[in-house]
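**Student:** Pasting a predicted model and its sequence here:
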Amino acid sequence: MPTHRDQGAMRRLRGRRGRLIVAATAIVLLIAGIIVIVVGVNSQQQAPMPSAAAAGSTSSTASSTPKTPDPQTSTTPSASAPAPAPLTLPASPPTHIDVPAIGVSSDLLQLGTNPDGTVQVPPLEKDSRAGWFTGSPTPGQLGPSIVLGHIDSKEYGPGVFFKLGALKPGDQVSITRTDATVAVFNIDKVAQYPKNQFPTIEVYGNTDHAALRLITCGGKFDFTAHSYEDNIVVFASLASTHPA
């Protein structure tokens, strides 16, 4: 990922998407920076890390021989109606997040930017809460909506996203919005990235559907650098909606 020195140049980019990517880069660095201050040796618990299956990897190999079509099945393309547009919602700020598979139920803070242009992060407190970055689409809108949470702290122990790495494809995330709509997302994959190889465009770039990203720190804690070595990112897509 870009260094703090790089961020100054990146923030000069114009356009909403450019600002989102720049700010999002700062998000990851700030999460790490906050935890640097508060995590200590005697408070460490091992947070779950994403499995290979959660990351969408597979050990099977595709056959190099094309499959022969069934004799009774026509291979001639047929005219069909255009694919329906992906499910999206109008803008409405989120208020609450539920991730049943890991026992998360948290009010959502609204995280803006600091005077220096960096992105705010949730405060470190006993009632650890996640936060939605207001510079990203609201959950359900087209594009990646960004939600951040701490993994842990020395003073308060495990944070709201301590078990984020235990999620797997097919698990669901429900986000309640101010318009009394609940947006339900299906998790597509859970990935862990070294911070110096963070895929900024994949995480924060344009999507062709309503997407969600849950982000926290992860991996080993580097006691020399006083920070976690990796980031854990959950990728999810809007699957359905229902009234709150």
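**Tutor:** Sure, I can see it.
**Student:** Could you use CA atoms for every contact and neighbour count after this?
**Tutor:** Fine.
**Student:** in the chain, which spans are helices?
**Tutor:** Taking DSSP state H, the helices of the chain run over residues 4-10, 16-38, 200-204.
**Student:** Can you flag the weakest of the ones you listed by average pLDDT?
**Tutor:** Among the helices of the chain, helix 4-10 has the lowest mean pLDDT, at a mean of 40.
**Student:** By mean pLDDT, point me to the weakest helix or strand of the protein.
**Tutor:** helix 4-10 (a mean of 40; mean pLDDT, DSSP states H and E).
**Student:** longest strand anywhere in this structure?
**Tutor:** Identified as the longest strand of the chain according to DSSP state E is strand 227-243.
**Student:** Can you get me a residue count around residue 106?
**Tutor:** By the criterion of other C-alpha atoms under 10 Å, residue 106 has 18 neighbours.
**Student:** show me what contacts it?
**Tutor:** Contact partners of residue 106, counting by C-alpha atoms under 8 Å, 6 or more residues apart in numbering, are 96, 97, 98, 129, 130, 160.
**Student:** Just give me the neighbour total for the closest residue to the third one other than its chain neighbours.
**Tutor:** Going back to what we said before, that points to residue 98. What sits nearest to residue 98 in space, not counting adjacent residues and going by C-alpha to C-alpha, 6 or more residues apart in numbering, is residue 105, at 4.5 Å. Residue 105 is flanked by 16 other residues according to other C-alpha under 10 Å.
**Student:** any idea how far residue 105 is from residue 96?
**Tutor:** Per C-alpha to C-alpha, to the nearest Å, residue 105 is found 7 Å from residue 96.
**Student:** same deal with residue 184?
**Tutor:** 12 Å.
**Student:** residues shared between the contacts of the two?
**Tutor:** residue 175.
**Student:** that older thread, what residues sit buried inside the longest strand of the chain?
**Tutor:** Under the neighbour-count criterion of 16 or more other C-alpha atoms under 10 Å, strand 227-243 has 227-239, 241 buried.
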